[in-house]
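# got a sequence here, can you model it:
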Amino acid sequence: MKPAGAEARLVAARALAAVLDQRRNLGDALADLDRQLPDSRDRALVRRLCNRVLRDYPALEWRLSQLLRKPLPRKSRDVHFLLLSALDQLIEGREPARAVVHASVAAARTGGHAHLGGLVNAVLRNQQRRALQMEAELPDAPALRLGYPEWLLDAIRRDWPDRWREIAEAGNRIPPLWLRVNRRRSTPERQCRTLREAGIEADTDAHFPDAVRLDHPARISSLPGYAEGEFSVQDAGAQATAGLLELEDGQRVLDACAAPGGKAAHILECARVELTALELDPERARRIEETFDRLGLAGRVIAGDAAQPQEWAAGKTFDRILVDAPCTATGVLRRHPDIRWQRRADDVAANVMLQDRILDALWPLLAPGGLLVYATCSILHAENRDQARAFIARHADARPLETRLDEGVSTDPGCQILPGSLDRDGFYHVRMRRVR
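Okay, here's the model as predicted:
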């Protein structure tokens, strides 16, 4: 009989290999692998193991290099990542060391690496013996200690010289689960009561009028009120976007780059507008329609390219446009630690070019006097402040408006929410009026 958690550890190792060797999205990798784990407790363990390793990857790699005489062969990458997650568990000390070692050896055997079972046992036993020594010898390199690629930490330090360490540390904290209550069907107070009656700790927050906060993970679809469309999952930082649009009933509103649909749904919850939600990926566009159906909302969803409006706009103009642009997503690392290892330095310039194309293509669709909100979940100036400045310089009819958010940092133009501020993810917003 296999020890508890052996299968989960093997699945976690394979998911980590997909992210760190193949640059796959962790969610996609787990979706493929979860089918091997019918027990929800095993699936939760996999996510926990993966997220912890991804947050501390450089230091764990250094530790493993000190414990191995030579690197494992390429064909044994499962075992390499199995060792990383086991080292992390031993350092954390939450599980009995003997159980971690036993389950890890069993996982290696289950994965077809029985010949390496002895090595796994020896490495982990050696970690236990050398724990204090290795902690003292851990290099004092910020990227290694903070768990970031060098290029990304350098970029954060360049853009935020006085706050870079605070930002990096915030990216490693476990985030709360924020819900956005559908104001057409419920209220935050009522939703909190419903959740508490089900034994789930939930609180409102005075800073965020539609929000409910849960401090512990939960299976969303099983929460009371989800199937009835009473709430959606959305970080509190993202919940600010709809309010910046100055929505009024009857307006024509375009949400470009709309997937997964949270901001589009919030727009429809806030005002009775004529909404067009645009999404490049047809499958993601279909999911937006499903979200609208669950929430009892009516909006037009189009599968199309925001940079090619001639293919779908048919001469239509809009009173409000939201450009929630593709970006490096460096503001949501605490929620998606895999992102820091998927991105490369040259991705920033590629994103900026795509953002340029989308903004320039959509600006003519904004009616005179209309308002465009440009938003990203990035913390890098190139994608945010610098992008807005370059756009305004290119368009004489674009006027930046004041953009203020609680505890946001003014960036002239726009406002940056830094990760961890009021326990939000990192977001940038700038509002621009078309004056003619």
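# give me the number of residues near A314?
Counted with other C-beta atoms under 10 Å, residues neighbouring A314 total 7. Yep, even glycine has a C-beta here, placed from its N, CA and C like the rest.
# contacting residues around it?
By C-beta atoms under 8 Å, 6 or more residues apart in numbering, the contact set of A314 is empty.
# pretty sure it is in a helix, no?
No - applying DSSP: H, G, I helix; E, B strand; the rest coil, one finds A314 to be coil, outside a helix.
# excluding sequence neighbours, find me the nearest residue to P149.
In space, not counting the residues next to it along the chain, P149 is nearest to R340; the distance is 6.1 Å by C-beta to C-beta, 6 or more residues apart in numbering.
# what of L333?
Leaving out its chain neighbours, the residue that sits closest to L333 by C-beta to C-beta, 6+ apart is G171, at 3.8 Å.
# I'd assumed E150 was in contact with the residue nearest to P149.
No - with contacts counted by C-beta atoms under 8 Å, R340 stays clear of E150, the gap being 11.1 Å.
# who's more crowded, these two?
Taking neighbours as other C-beta under 10 Å, R340 and E150 compare with R340 leading, 22 against 13.
# all helices for the stretch 151-300 of the chain, in order.
Under the criterion DSSP state H, counting those that start in this stretch, helices of the stretch 151-300 of the chain are mapped to 164-170, 188-197, 241-244, 262-270, 282-295.
# what's the most buried one of the ones you listed?
Neighbour counts (mean count of other C-beta atoms under 10 Å) averaged over each of the helices of the stretch 151-300 of the chain peak at helix 262-270, with a mean of 24.
# give me the contacts around it.
Under the contact criterion C-beta under 8 Å, 6+ apart, helix 262-270 has outside partners 180, 182-184, 210, 232-234, 238-239, 241-243, 245, 247, 253, 255, 258, 273, 275, 277, 288, 291-292, 295, 297-299, 322, 324, 375.
# check stretch 239-251 too.
For stretch 239-251, the surrounding residues in contact (C-beta under 8 Å, 6+ apart) are 178, 180, 208, 210-211, 253, 263, 266-267, 269-274, 319-320, 322, 324, 371, 373, 375, 403, 405, 417, 427, 429, 431.
# surely L138 is in contact with E61?
No - using C-beta under 8 Å, L138 is not in contact with E61; the gap is 11.6 Å.
# sorry, back to before: any chance of CSV for the helices of the stretch 151-300 of the chain, columns distance to R94 and mean pLDDT?
Below are the helices of the stretch 151-300 of the chain laid out as CSV (distance: least, C-beta to C-beta, whole Å; pLDDT from 0 to 100):
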stretch, distance to R94, mean pLDDT
helix 164-170, 21, 98
helix 188-197, 27, 97
helix 241-244, 37, 98
helix 262-270, 33, 99
helix 282-295, 35, 98
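# can you lay out the ones you listed as CSV showing distance to A99?
Formatted as CSV, these follow (distance: least, C-beta to C-beta, whole Å):
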stretch, distance to A99
helix 164-170, 30
helix 188-197, 33
helix 241-244, 45
helix 262-270, 39
helix 282-295, 39
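# among the ones you listed, which comes closest to R335?
In terms of C-beta to C-beta, the element of these nearest to R335 is helix 164-170, at 11.1 Å.
# need the contact partners of the closest one.
Helix 164-170 is touched from outside by 142, 146, 148, 153, 156-157, 160, 334, 379, 418-420, 426, with contacts defined as C-beta under 8 Å, 6+ apart.
# how far does that helix sit from the chain's center?
Averaging C-alpha positions (C-alpha atoms, centre = their mean, to the nearest Å) puts helix 164-170 16 Å from its chain's average.
# then stretch 421-436?
For stretch 421-436, the distance to the chain centre is 17 Å (C-alpha atoms, centre = their mean).
# just the terminal-to-terminal distance for it.
End-to-end distance for stretch 421-436, by C-alpha to C-alpha, to the nearest Å: 37 Å.
# residues in contact with the helix or strand bottoming out on mean pLDDT in the chain?
Lowest mean confidence among the helices and strands of the chain (mean pLDDT, DSSP states H and E): helix 26-33, at a mean of 89. Here helix 26-33 makes contact (C-beta under 8 Å, 6+ apart) with 11, 14-15, 18-19, 43, 46-47, 50, 54, 336-338.
# so which of those residues belong to helices?
Of these, the ones assigned to helices by DSSP state H are 11, 14-15, 18-19, 43, 46-47, 50, 54.
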